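>>> 3D model of this:
(one chain, ligands or ions: 1)
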Amino acid sequence: MRKIFIFTLIAFVTSILFIYCNSKENDTTKLTSEKSHESEKIKIAPPTIDEIIENGVPNDSNKIKEGVSYETDEFSVIEGVVNPGQAISHILGKYNISNADIYKLEQASKDIFDLRNIQSGKRYTVICSKDSNYIAQCFVYQKSKTQYVVFDFRDTISVREGEKEVITKTNIVKGTINQGGGLWYSISKKLGEEKAPALVDFLANNIYAWSIDFFQIQAKDSFIVYFEEKYVENEFVGIGKVYAASFTHKGKIINAFRFKENEKYADYFDENGNNLRSAFLKSPIDFARVSSGFGHRKHPISGKWKKHNGVDYAARTGTPIMSTASGTVTFAARKGGYGNCIIVKHNEKYTTLYAHLSKFKKGISKGSYVKQGDVIGYVGSTGYSTGPHLHYEFMVHGKHVDPFKQELPASLPLKDENTEEFNKLRNEYTEILQNFVK
Ligand SMILES: [Zn+2]
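From the prediction side, this is the model:
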């Protein structure tokens, strides 16, 4: 017994000593590496023109002067925004590019980028020689947040396209709808107004379009979403994949897990592997589109099934109306109190009706075949109507029913052979959502 005790003690002391020495050693290596880093910093050469094109101007503001974002001994970098009506010749004229060179540039870029397509509001960068001639060496036009076109004057005039590196980060947003605020308000409060539109759009149109009518979202509904954000040079440029979401609407939880059953696209399935797509969209109007204009306020849309056998959606005149399911148009004309009216027959059982339209979509008439989500007409106030709105009816065997109370045909569930893989992913996502506290 005693022997064991002594042995353990020795082992303990040795290990403590070992850890202590090791940590000392670590400290010294850390110090030297920090020192060598500092000396490296001093020796760093300024970026080349090509590095500026690829990575943008470095974040050191020491050298900025009026109109110039960055400069080295050899060149200056000027960043600007295309003004309305400004052509490339106006911009480059200032940097001593002649009209003859602009002509050559037009020829060189013909197959890559049409110079007449330069849009006002887009950003550009000019890299200019610092000698007395002050001639542009390169002009970089920012086509989108990730794509740019380089017009290079250094040797022979050349044009090429480039793409910035996109960094992806994951994020989770969780919230509850408050009295007087909508989904929009709730998401923007958490994520900021820049990111909210893309996420609202994705939830309303890609994940829950078949299971939740977002016009009916109410106080105490809640949500949590696990998704990717994309950044270019630390600037948010968009939403990437949405991995999972859970929405509680009127006390019912609807989970959605992203899963790819085929190469082309991903679908969303609930925890039991049921596809969230179904034969009918919940709403004939795009929630994200209609509500975006209302900013922080709750949008004034009712979307309740009324005694008059339909659901009313208040929206601006001209708002597009979608067919909630695929089918054949059996009526597209004026119809008494309904005003301009469209009826779509989906099969022997289901028919939908859309009334008070300001106009029909071009090409829509009796006999047209429409797919789910196709625009068929536009919101108006024709017939017996007190203001612009869509009156939507849902019929089963010709009888009016409340569409929100229907058990509607679902899409094909997950394939058997994918169950194992899906369950693994579902469990992983569920754990991430459940462990999120904020
Ligand atoms: Zn109505």
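>>> any idea which element the residue nearest to I49 when sequence neighbours are not counted lies in?
Excluding the flanking residues, the one nearest I49 by C-beta to C-beta, 6 or more residues apart in numbering is I127, at 5.4 Å. In short, each C-beta sits where N, CA and C put it, glycine included. Using DSSP states H and E, I127 sits within strand 123-129.
>>> Which strands or helices does that strand pack on?
Using 3 or more C-beta pairs under 8 Å, 6 or more residues apart in numbering; DSSP states H and E as the contact test, the elements touching strand 123-129 are helix 49-55, strand 75-81, helix 88-93, strand 136-142.
>>> Extract the residue ranges of the stretch 51-200 of the chain that are flagged as low pLDDT.
Residues of the stretch 51-200 of the chain meeting the criterion pLDDT under 70: 60-64.
>>> residue boundaries of the helices in it?
In the stretch 51-200 of the chain, the segments counted as helices under DSSP state H, counting those that start in this stretch are 88-93, 99-109, 183-191, 196-202.
>>> give me the number of residues near the residue of the stretch 251-400 of the chain found nearest the ion?
Proximity of the stretch 251-400 of the chain to the ion (C-beta to the ion) peaks at H391, 3.4 Å away. By the criterion of other C-beta atoms under 10 Å, H391 has 23 neighbours.
>>> Give me the sheet partners of the strand holding I127 and which way each runs.
Taking DSSP bridges as the criterion, strand 123-129 sits next to strand 75-81 (antiparallel), strand 136-142 (antiparallel) in its sheet.
>>> just the ones you listed: most buried one?
Across the strands paired with strand 123-129, averaging neighbours per residue (mean count of other C-beta atoms under 10 Å) puts strand 136-142 on top, at a mean of 21.
>>> now that one: how far from the chain's centre is it?
Put simply, strand 136-142 sits 29 Å off its chain's centre (C-alpha atoms, centre = their mean, to the nearest Å).
>>> what's the angle between it and helix 99-109?
In terms of direction (axes from the mean of the first three to the mean of the last three C-alpha atoms, to 10 degrees), strand 136-142 departs from helix 99-109 by 50 degrees.
>>> contacting residues around strand 136-142?
For strand 136-142, the surrounding residues in contact (C-beta atoms under 8 Å, 6 or more residues apart in numbering) are 49, 53, 75, 88, 91-92, 95-97, 113, 118, 122-129, 148-154.
>>> what do you get for stretch 231-246?
Counting by C-beta under 8 Å, 6+ apart, stretch 231-246 makes contact with 55-56, 145-146, 164-170, 194-195, 198-199, 202-203, 206-208, 223-230, 253-258, 266, 268, 429-430, 432-433, all of which sit outside it.
>>> now with 6 Å?
Defining contact as C-beta atoms under 6 Å, 6 or more residues apart in numbering, one finds that stretch 231-246 is touched by 56, 145-146, 164, 166-168, 194, 198-199, 202, 207, 224-228, 230, 255-258, 429.
>>> try stretch 113-121
Residues outside stretch 113-121 that contact it (C-beta under 6 Å, 6+ apart): 82-84, 88, 106, 109, 149.
>>> switch the cut-off to 7 Å
If you take C-beta atoms under 7 Å, 6 or more residues apart in numbering as the criterion, stretch 113-121 is touched by 81-84, 86-88, 105-106, 109, 141, 149, 159.
>>> Around the ion, pick out the residues from the protein.
310, 312, 391 (C-beta under 5 Å from the ion).
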